[in-house]
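Asker: need a structure here:
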Amino acid sequence: MPPIITGQSLVTETIYNLLSSKKAKIHLIEIKDKGSGIINDIIIHLTLILKILSISFSVNNVVYLPAARSVAGFFRNAYIIIFSKIFRHKIVMHFHCGDYNEFLINKGKYFILINKYIYSKVDIFIILGESLIKNYDILFNNDTEVVVIPNGIIINKKLLDTIFQNQEINILFLSNLIESKGYLDLLEAIKVLVNERGFHNIKCFFCGTFLDSSDNHFFKNKEDAKNFFFDFINDNNLSNNIIYKGLITGNEKHDILIKSDIFILPTYYSTEAQPLSILEALSYGKIVIATPHRAIPDMVIDNYNGLIIDFKSPKSIVDKIIKIIDNKSLQKYLSYNAIDFVEKNYSHIKFENNIINLFKKLEAIN
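Answerer: Residues are numbered from 1 along each chain as shown. Got it, this is the predicted structure:
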């Protein structure tokens, strides 16, 4: 749950608030990590078990679990699932990652067998898109009940015609700054656009937190990555063109989305599934430029509501940005289609109805 800001935490909070609004009786069990070491881990897990046991004597409970993509997270979920089945609770597991097959394969056949056995006890799995189901086929079988519920977003059609309204070209990167999110490719593209192609009116806003990740390979840690980021700006005289905003939420995020013309996510992030930030940008009528990674082609249709770029290619980013800048009619076409596409396929109303219908089916709400 927030204040940790990820697509998963935001969706979990949305579901919690939605079920609360339907007068469901909810027990929120949060894992509070207040230290490190074996003793601390034992205390955390014993506390979690006691909390689960304390609410397990009532009937018709539904246990909702955001899925974990780690060995430790799996074994935590495993005993929650085991206790839940002992007390005959129904279990809903919500996957937000897009690479579960790869995760399992990397852990070996015994982990796969344990994983399949434990997760066979889950009643319903939620995944984010039809195109992602192939990424779980090691785990799922013909008897597995899988429900596809794409993320949803609020649409405001009053936000049409908010792009390219001034002399500046405002570009937005809104995601955690992990190498495989492609922010280094975007940095290089901005350098080329400003210093080689002469687009000195470009302003690119990087909004997110530098994070350590197994997907980082160029830098030892997030501090090294952050130092490189600012050195790159200074070394290439881009202080007027690249602005780092850090983590933004609420009104600040709303304001910068309105201000932006182009949203770029050149991601090849290993656990990427259906980036919520892309849906947010589309809902504001922004022109989205992104890679064809995981479920992104379901959201961004090339030359219809956005543009698709090559992986790890600053040149591809440069070419697409120039294509947009040089074509006013394309700007309007992509912007209008962005909002219309989200409204038809990813509206928050459709998402909420899907969640409500699922929990009604499980008799968790009336």
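
Asker: Give me the neighbour count for Thr249.
Answerer: Under the neighbour criterion other C-beta atoms under 10 Å, Thr249 is assigned a count of 12. Bear in mind the C-beta positions are built from the backbone N, C-alpha and C, glycine included.

Asker: Glu13 versus that one, what's the distance?
Answerer: Distance of Thr249 to Glu13, given as C-beta to C-beta, to the nearest Å: 12 Å.

Asker: Check Ile118 too.
Answerer: Ile118 is 26 Å from Glu13, by C-beta to C-beta.

Asker: between the two, who's got more neighbours?
Answerer: With neighbours defined as other C-beta under 10 Å, Ile118 and Glu13 compare such that Ile118 has more, 18 against 12.

Asker: Can you show me the helices along the stretch 201-350 of the chain?
Answerer: Remark: helices assigned in the stretch 201-350 of the chain by DSSP state H, counting those that start in this stretch are 222-235, 250-259, 276-283, 296-299, 314-325, 328-345, 348-361.

Asker: looking at the ones you listed, which is buried most?
Answerer: helix 276-283 (a mean of 25; mean count of other C-beta atoms under 10 Å).

Asker: Would you mind pulling up the elements that that one packs against?
Answerer: Helix 276-283 makes packing contacts with helix 7-21, strand 169-174, helix 250-259, strand 262-265, strand 287-290, helix 296-299, helix 328-345 when contacts are defined by 3 or more C-beta pairs under 8 Å, 6 or more residues apart in numbering; DSSP states H and E.

Asker: Flag the shaky bits of the chain, pLDDT-wise.
Answerer: 32-36, 58-60 (pLDDT under 70).

Asker: how is it carved up into domains?
Answerer: Per automatic domain parsing, the domain ranges recorded for the chain read 7-152+348-361, 157-345.

Asker: winner for burial among the ones you listed?
Answerer: Note that of those, domain 157-345 is the most buried (mean count of other C-beta under 10 Å), with a mean of 18.

Asker: Give me the distance from it to the chain's centre.
Answerer: Between the centre of domain 157-345 and the centre of its chain there are 15 Å (C-alpha atoms, centre = their mean, to the nearest Å).

Asker: returning to that earlier point: mind checking which of the domains of the chain is nearest Met1?
Answerer: domain 7-152+348-361 (5.5 Å; C-beta to C-beta).

Asker: Looking at the helices of the stretch 201-350 of the chain, which is nearest to Val92?
Answerer: Comparing the helices of the stretch 201-350 of the chain by their distance to Val92 (C-beta to C-beta), the top pick is helix 348-361, with 7.2 Å.

Asker: Identify the residues contacting the closest one?
Answerer: Contacts with helix 348-361, where a contact means C-beta atoms under 8 Å, 6 or more residues apart in numbering, come from 14-15, 18-19, 22, 24, 62, 92, 124, 126, 147, 149-155, 365-366.

Asker: any chance of the helices and strands packed on helix 276-283 in a markdown table, with distance to Ile242 too?
Answerer: Listed next are these as a markdown table, based on distance: least, C-beta to C-beta, whole Å:
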| stretch | distance to Ile242 |
| --- | --- |
| helix 7-21 | 25 |
| strand 169-174 | 9 |
| helix 250-259 | 14 |
| strand 262-265 | 13 |
| strand 287-290 | 17 |
| helix 296-299 | 24 |
| helix 328-345 | 22 |
